[in-house]
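Engineer: The following block contains a protein sequence and its predicted model.
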Amino acid sequence: MGLEDLVPLEEWGIAASKPLVIAGPCSCETEEQMHDTAMRLKNTGVSALRAGIWKPRTRPGMFEGIGNEGLGWLVSAGKATGLPTAVEVANAQHVEDSLKAGVDILWIGARTTVNPFSVQEVADALQGVDVPVLVKNPLNPDLQLWIGGLERVHAAGVRKLAAIHRGFSSYERSEYRNKPMWELPIELRRLHPNVPIIVDPSHICGKRSMIPAAAQKAMDLDFDGLMIESHRDPENAWSDAAQQLTPEALSDVIKNLVIRSSRLDHQAEDALSVLRGQIDRIDNYLLELMSERMGIARQIGEFKRDAGVTILQTGRWDEIVRDRVKKGAEKELTEKFVLDLMEAVHKESIRNQTKVMNEDKG
Ligand code: PEP
Ligand code: MN
């Protein structure tokens, strides 16, 4: 299903300048908090005002959102600042209530994108409605599920459509609340180059201090915009207190962003293409070498088969890993890189050897 006929972000009528920044509190709490935060966000380079009205929480008993009453507060804060407003919707009722209240932009949260039934319900409620919709990635690193969410909303007729990258939850400990795994949004852009991608450093980082670097990284990777949580009194926020910035701190983050051009002049283009040529040559050489290495692995497989020994000789593998990591370090290659590389090579060798060992002798 194509996502080719989207309205470009610049034509949505909301982005004053690149990057598009959507900011506002994680949750709308009180009329005053919403209004005060919004007024302080005005004239900071923010292009739209966000707030969560219905909060999908991991555990019951946490603040689950102020509900419908807050929609009016958000919309009037939008009017007071002249900023369009954005809200998270998770079901048909949310869509209906938000649109009735006059909210301008809707987004689907990570806990909703994981469930195609819910996304479909939201999509059905969007039939015939010309409103921008942003689809956050699902909690788990599943690009197809993310694309599926975008396609469901697109099939409902929405053409002002964008993705939000908010990182992926993982069982492993990490300095991030949700690992950025930049390769996933990069792959999304490769597959669907005209889907704008907005990065949400707040939910990626989970803590204030890391937000500036993640926002800059998003810009350096040439993504289209940012969604950042901002609260007038972050420490006392009713949800996500650790990852919200005051409007003034957010203003500094925006001011300090270095926006580099993705275009080069001819001279730079030529110099770059020489370097790219060298990379291509090295990659081709690498593939030749790998192919040669696998040929030898197959010969070893034949040898082991004829000698009747197992494929995996643990001592030998251990020795290889140690040796390669050490040599890699001498060449300024990180241990992690060398380990990942050797593991991938080893896996392919074992695949080759297994094939040989299970072939009939002679
Ligand atoms: C949010 O934006 O406040 C939110 C709940 O985010 P996510 O869906 O990315 O967890
Ligand atoms: Mn939040």
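Structural biologist: Received the coordinates, thanks. Ligands and ions are numbered 1, 2, ... in the order given.
Engineer: give me every residue that touches the nearest residue to G70 once chain neighbours are set aside.
Structural biologist: Excluding its sequence neighbours, the residue lying closest to G70 (CB to CB, 6 or more residues apart in numbering) is C28, at 3.8 Å. All C-beta atoms are positioned from the backbone trio N, CA, C, and that covers glycine. Contacts for C28 (CB atoms under 8 Å, 6 or more residues apart in numbering) come out as M34, A51, G52, I53, G65, I66, G70, W73, L74.
Engineer: quick check, nearest of those residues to ligand 1?
Structural biologist: Distances from ligand 1 to those, taken as CB to the nearest ligand atom, are shortest for G52 (4.6 Å).
Engineer: so W182 makes contact with L221?
Structural biologist: Yes: counting by CB atoms under 8 Å, W182 touches L221, with 6.3 Å between them.
Engineer: State which one residue of the chain is found closest to ligand 2.
Structural biologist: Across the chain, no residue is closer to ligand 2 than C26, which sits at 3.3 Å (CB to the ion).
Engineer: residues in the stretch 101-250 of the chain within reach of ligand 2, list them.
Structural biologist: Within reach of ligand 2 by CB under 5 Å from the ion, the stretch 101-250 of the chain has these residues: D240.
Engineer: which residues of the stretch 101-250 of the chain fall in strands?
Structural biologist: Applying DSSP state E, counting those that start in this stretch to the stretch 101-250 of the chain gives strands spanning 105-108, 133-136, 161-165, 197-199, 225-229.
Engineer: now the shortest one: mean pLDDT?
Structural biologist: The average pLDDT for strand 197-199 rounds to 98.
Engineer: How far away from the center of its chain is that strand?
Structural biologist: Chain-centre distance of strand 197-199: 7 Å, with CA atoms, centre = their mean, to the nearest Å.
Engineer: Tell me which other helices or strands that strand touches.
Structural biologist: Packing partners of strand 197-199 (3 or more CB pairs under 8 Å, 6 or more residues apart in numbering; DSSP states H and E): strand 161-165, helix 183-191, helix 211-220, strand 225-229.
Engineer: which residues sit in contact with the residue of the chain closest to ligand 2?
Structural biologist: By CB under 8 Å, 6+ apart, C26 lies in contact with G52, K55, S202, E229, H231, A237, S239, D240, Q243, Q244.
Engineer: likewise P247?
Structural biologist: By CB under 8 Å, 6+ apart, P247 lies in contact with A23, T37, R40, L41, T44, S230, R232.
Engineer: Tell me the spacing between T314 and ligand 1.
Structural biologist: Computed as CB to the nearest ligand atom, to the nearest Å, the T314 to ligand 1 distance reads 43 Å.
Engineer: so which of the contacts of P247 are also by ligand 1?
Structural biologist: Of the entries in these, none also sits close to ligand 1 under the rule CB under 6 Å from any ligand atom.
Engineer: So which of those residues wins on neighbours?
Structural biologist: Within the contacts of P247, A23 tops the neighbour count with 31 neighbours, counted by other CB atoms under 10 Å.
Engineer: Look at that residue and give its secondary structure.
Structural biologist: Here A23 is strand, with the state taken from DSSP: H, G, I helix; E, B strand; the rest coil.
Engineer: Report how many residues lie close to M39.
Structural biologist: Residues lying near M39 (other CB under 10 Å) number 14.
Engineer: for the strand or helix carrying it, the distance to its chain's centre please.
Structural biologist: Secondary structure from DSSP states H and E places M39 in helix 31-41. For helix 31-41, the separation from the chain centroid amounts to 28 Å (computed by CA atoms, centre = their mean).
Engineer: Give me the residues contacting it.
Structural biologist: Contacting residues not belonging to helix 31-41 are listed as 23-25, 28, 49, 51, 70, 73-74, 76-78, 80-81, 83, 230-233, 246-248, 250 [CB under 8 Å, 6+ apart].
Engineer: Out of those residues, list just those in helices.
Structural biologist: Applying DSSP state H to these, the entries found in helices are G70, W73, L74, S76, A77, G78, A80, T81, P247, E248, L250.
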